[in-house]
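# Here's a sequence, model it:
(2 chains)
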Amino acid sequence: MNARAAGARPSELRFLDPAVLARLGTLELKARAVVEGLLSGLHRSPFKGFSVEFAEYRQYLPGDDLAAIDWKVYARTDRHYVKKFEEETNVDCHLLLDVSASMGYGSRGITKLEYGALLASSLAFLMNRQRDAVGLTTFDDAIVTMVPPSARGSHLRSILVTLDRTTLGHRTDVSKPLHVLADGISKRGLVVFISDLLDEPDRVVDGLRHFRFRGSEVIVFHLIDPAELTFPFDRAARFRDVELGDEVMAVPSVVRQEYLDALNAAVERYKRELGSEGIDYRLIDTSTPLEFALISYLSTRGRRR
Amino acid sequence: MPAFLSPLFLVGVAAAAIPIAIHLFYRRTEPVIDFAAMRYLRRAPVEHSRRRRLRELVLLALRVTALVLLALAFARPYLSDSVAAQSGAATLVMVDTSVSLSAPGRFEAARERARRAIVDAPATHAVGLVAFAQAADVITPVSQDRAGALAALAQLTPGAGATRYRAALQGAADAFNGRSGRIVIVTDLQQSGWDAASDGSIPDAITVEVEDIGAPDTNLAVTSLRVEGADAVAVVQNYSARPATDQVIFAVDARRIGAVPVTLAAGASVEARVALGGVAAGGLSASITDRDGYSADNTRYAILDESAGTVSVFAITPTGHPSEALYLERALAVAEGTRGFRFRSLGGGAFSALDPAALEPVGVIAVLATRGVVQRGRERLAEFVRGGGGLLVAAGPDVDPAILKEALVVFINIRRPPRVPEPLSFAPDDSRHPVFRVFGGAGTLGNVGFSRAVRIAAPATASIIAHYSDGSPALVEERTAGGRVLVFASDLNYRWNDFPLQPAFVPFIHETVRYLASPRTSRTDYLVGDLQSATTPGVVEMQGRHIAVNPDPRESDPARMTAAIFQAGISRLNAAAAQHELTAAQQQEDRQFLWWYGLLLMVVSLAAEGIIGRRLG
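Residues are numbered from 1 along each chain as shown, chains lettered A, B, ... in the order given. Reported below is the predicted structural model:
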């Protein structure tokens, strides 16, 4: 079956399927594959820091920005040189990854946790590459692990190792860890919240609002499995809650519409209430390539600058 | 104690395994899917598994219950009256004390055989003593007291009762009270003893041993005494193989009025006639002096009573036209003189309009139809029976059970519709019942063929005196404080049977009508055993009037059977008893109606299952 037949957009063809990506080697390799692939496709870097630091001179090539030509050097040498800068930032990026038991669900070869970890590692890789300080916190109903933000190149490995060792936790309860984290952030920064949001929306929005109150930008990646998005089951079955273990009996053809209505209502509510707080909300289907999530991030990051 | 009329249907209980199997099958194949977004799924109309499992179990229980109840209902349960059996073996010695033991030396021989049987009984056996004639009389109950049994045996004397083996054996079986063991029956094996039918059977765990004491080879008996015009007529029967001579002495109130010498050929009977000489009332007796035969049948008694008259019979027919009761009218018309009948047929409407005084001289009302019998007529019928009248109901096609039920609800209950079984015959349960006595057993009654018959559900107070060959009641009697009711489970008008064309029809009608009319016509002729207060032959005063009590004339016949035939009779008895037991069980089951409650519970279970099942989806 080719991609076109599957209904994929042409731009998707060059991206890696998350399920395939999940089977690659280390998390670093996966993150690198995603980020390098993404960046190689972009014509120019969209990132610009608040300050720049001189890196080197390079001879002007057609296509370079004329504003980047160092006219003083031209006066001395009669040649066009372009001044290269290394971007640096004063933004702390906090990656918050939900590791509750519900994140262990996956119907197409990759769980939401694996996808979230991959997303978090890609973002960390990307942020580290642009010299942003990046930290990682995993949580379920409490904070599980926490790696403080840092822009050092070696720091990336700490984050990736932490992500690699992440295991599923208990039930989802985002309110408490979010408030704890928000209180612990002393510097305004960027908070990337990766979760399936299977919690009370009021509690989720309230926790994220706390970050906004502290002056941080917030991006929410709402991970959802394709099976959760479409409820494709056809036979009557007992559905067991992966967090609580209790079961309900349902005939999919009977309950599907009610389920989808409830899901869509929750998504709409998140969109509406998080949007009103200035929080960027992204619904991510775990069957879609990670690059789309990264592009979402980059666009948000670009707007911030 | 619960029992089942059709226990084979209990196999249907196995059907309860079907819903269990389905339950287990679907429970095994129903997949379990781990799912994360349960918070959205729970908002849909789903069933929590724990609650669903509970409901499924309730549903399963209801389905199983429904199937079990269905099987139980088809098995037709009823509560039997059987009691707990006692343990231990026993020997029960039965001593024949009937008329036939009154021959010289016979009872002494019987007593000696019985004594030996008691003494020789196995040491581990308890011992009981029963005297029997027309019924069993437990002299000493089954116990270890053999001395008591021997002492009681020494006091036994022969009586005037007739031999009824069935009743005696049934009484003996009851005396065992569930034990196993043996019956030693000391008897002369009189052939007529088997003719007298009654319910009864011997359990398989009880063996019967016969001690045959033999019988005299000669006997003379006065078998009949009647009044014909101005004469008294006695019939003397010679039951021996030798000629015999004797003298019949007639007396009224112990005053001799004449003696007639008789000479009888072997096996012959003669009539001895003497003029009453104007004596119109008193106790009449006719005696012979037969010293070698049974002594109890040497004298016969009768009552001279001018008041004994003809019986007036009303027949209720569809319109009252005599042709609608043609056979009944013709049968009654052949009787003459003081034994005759006055017959009148009338429609239901005319009967209902009758003045109560018009029924006072009526002895018997024969209900051949209920058309036109309005409420007033129904009340007349009930009053008539309460007043001592006899009611004969021929439950033919013109009789509506509902009307009779309303009129005589305390007496009899008839269930319709009539069924069309294999051609049936009928036979009396007790050939000594006054209705059947004249036939000397089933006799020609067995030739009557029935194409249709109604099912009669007799109340416990009624007695079934004749059965169809399929075991269902044919003639049911209800004796009330007033009169008698006989319900014949077919018609008397040659529609559902050929009875009116049979020779037995006329005597049957005569005897039936006389029996029904007897409370009003002051019956004066009884057999020993008919009345509890009259156990010896003679003229007895009872309730201000005199009655004659005589031994059963058939008891005078010394004809015997072999022990093998007797044992074979016991086998037949068991077979008949099984049929009777089945019939009794059917009647009990009919009365209790437990299957109906079972079906009702099944419907409730299914309704509950439907409701819960619909909620479960």
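
# quick one: the helices in the stretch 301-450 of chain B?
B:326-333, B:348-352, B:375-386, B:401-407 (DSSP state H, counting those that start in this stretch).

# could you dump these to JSON lines with mean pLDDT and mean neighbour count?
For the C-beta atoms, the positions are set from N, CA and C on the backbone; glycine is no exception. Output for the helices of the stretch 301-450 of chain B, formatted as JSON lines (pLDDT from 0 to 100; neighbours: other Cβ atoms under 10 Å in any protein chain shown):
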{"stretch": "helix B:326-333", "mean pLDDT": "90", "mean neighbour count": "19"}
{"stretch": "helix B:348-352", "mean pLDDT": "89", "mean neighbour count": "20"}
{"stretch": "helix B:375-386", "mean pLDDT": "84", "mean neighbour count": "18"}
{"stretch": "helix B:401-407", "mean pLDDT": "69", "mean neighbour count": "18"}
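
# Can you check which of these gets nearest to chain A?
helix B:401-407 (54.5 Å; Cβ to the nearest Cβ).

# Turn the helices of the stretch 301-450 of chain B into JSON lines, including distance to residue B:130.
Output for the helices of the stretch 301-450 of chain B, formatted as JSON lines (distance: least, Cβ to Cβ, whole Å):
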{"stretch": "helix B:326-333", "distance to residue B:130": "43"}
{"stretch": "helix B:348-352", "distance to residue B:130": "50"}
{"stretch": "helix B:375-386", "distance to residue B:130": "38"}
{"stretch": "helix B:401-407", "distance to residue B:130": "42"}
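
# Which among those is found nearest to residue B:247?
helix B:326-333 (38.9 Å; Cβ to Cβ).

# Off-centre distance for the closest one?
27 Å (Cα atoms, centre = their mean, to the nearest Å).

# now what about it, what contacts it?
B:313, B:315, B:322, B:341, B:343, B:345, B:366, B:368, B:492-494, B:500, B:505-506, B:509-510, B:513 (Cβ atoms under 8 Å, 6 or more residues apart in numbering or on different chains).

# Weed out the non-buried ones from those residues.
Buried by 16 or more other Cβ atoms under 10 Å in any protein chain shown: B:313, B:315, B:341, B:343, B:345, B:366, B:368, B:492-493, B:500, B:505-506, B:509-510, B:513, out of the contacts of helix B:326-333.

# if you look at the residues you listed, which of them are in strands?
Residues of these located in strands (DSSP state E): B:313, B:315, B:341, B:343, B:345, B:366.

# Tell me the one among the residues you listed nearest to residue B:8.
residue B:366 (42.5 Å).

# so that closest one bridges to which residues?
Residue B:366 has the following beta-bridge partners by DSSP bridges: residue B:315, residue B:392.

# you'd agree it is up against residue B:314?
Yes. Counting by Cβ atoms under 8 Å, residue B:366 does reach residue B:314; the two are 7.1 Å apart.

# so who does whichever residue of the stretch 51-200 of chain A sits closest to chain B touch?
In the stretch 51-200 of chain A, the residue that lies nearest chain B is residue A:105 (3.6 Å; Cβ to the nearest Cβ). By Cβ under 8 Å, 6+ apart, the contact set of residue A:105 is A:111-112, A:196, A:225, A:228, A:242, B:34-36.

# Other residues contacting the longest helix anywhere in chain A?
The longest helix of chain A (DSSP state H) is helix A:252-276. Helix A:252-276 is contacted from outside by A:197, A:201, A:204-205, A:208, A:218, A:220, A:222, A:228-231, A:233-237, A:280-281, A:283, B:37, B:39-41, B:43-46, B:617, using Cβ under 8 Å, 6+ apart.

# Mind checking which of the residues you listed are buried?
A:197, A:204-205, A:208, A:218, A:220, A:222, A:228-229, A:231, A:233, A:236-237, A:280-281, A:283, B:37, B:39-41, B:43-44, B:46.

# I'd like to know how many residues surround whatever residue of the stretch 201-350 of chain B ends up closest to chain A.
Going by Cβ to the nearest Cβ, chain A is nearest to residue B:204 of the stretch 201-350 of chain B, at 57.2 Å. Other residues lying near residue B:204 total 8 when counted by other Cβ atoms under 10 Å in any protein chain shown.

# can you check the one 4 residues further on too?
Counted with other Cβ under 10 Å, the neighbours of residue B:208 add up to 20.

# ok, it - contacts?
Neighbours of residue B:208 in contact, by Cβ under 8 Å, 6+ apart: B:169, B:182-183, B:185, B:202, B:567, B:570.

# Count the neighbours of residue A:272 for me.
Neighbours of residue A:272 (other Cβ under 10 Å): 11.

# Next: the one 5 residues further on.
Neighbouring residues of residue A:277 were enumerated by other Cβ under 10 Å; the total is 15.

# Residue B:301 too?
If we define neighbours as other Cβ under 10 Å, then residue B:301 has 24 of them.
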